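In: Predicted model follows, preceded by the sequence.
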Amino acid sequence: RPILMTSFAFIFGVLPLAIASGPGSEMQNALGIAVVYGMLGVTFFGLIFTPVFYVICRWMAGKLPKAPGKERELPTSFGSTPHDPFDPDGPEPAPAAPRQGDA
């Protein structure tokens with residue numbers, strides 16, 4: 001919806017250029033018509049083609065063979081491998097350090 005609102009606001013803003021009349025309006029009309037129809041085409045092309053292209057790419061990715069073996073574990077920024085926080089066999093968190101006022 002925001003894409004359509006922005007696109008149509010731009011198109012309606014350029015519309016006076018496309019329907020201009022008077023001296024020198026031939027150049028304005030040509031430019032305005034090109035911009036209006038170009039923006040209409042790009043808007044609908046983007047709204048229709050982009051989701052279809054995404055679905056086709058996802059479908060094709062599902063058809064590709066998977067690499068054998070287990071996924072490798074990449075180190076985190078802390079230098080250790082990531083772990084599942086809900087795993088009962090996982091590492092225990094370090095006890096909190098006592099704070100001032102805790103007695």
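Out: Ah, there it is. Residues are numbered from 1 along each chain as shown.

In: Please spell out which residues along the longest helix seen in the chain are buried.
Out: Counting residues, the longest helix in the chain under DSSP state H turns out to be helix 25-63. Going by neighbour count (16 or more other CB atoms under 10 Å), the buried part of helix 25-63 is Q28, G32, V35, V36, T43. Glycine gets a C-beta too; all of them are placed from N, C-alpha and C.

In: show me what contacts the second one?
Out: So that's G32. Residues counted as contacts of G32 (CB atoms under 8 Å, 6 or more residues apart in numbering) are V14, L15, P16, L17, A18, I19, A20.

In: Buried by neighbour count, from those residues: which ones?
Out: Using 16+ other CB under 10 Å, the buried members of those are V14, L17, A18.

In: Assess the claim that the last one and E26 are in contact.
Out: No. Distance between A18 and E26: 12.0 Å, which falls outside the contact criterion (CB atoms under 8 Å).
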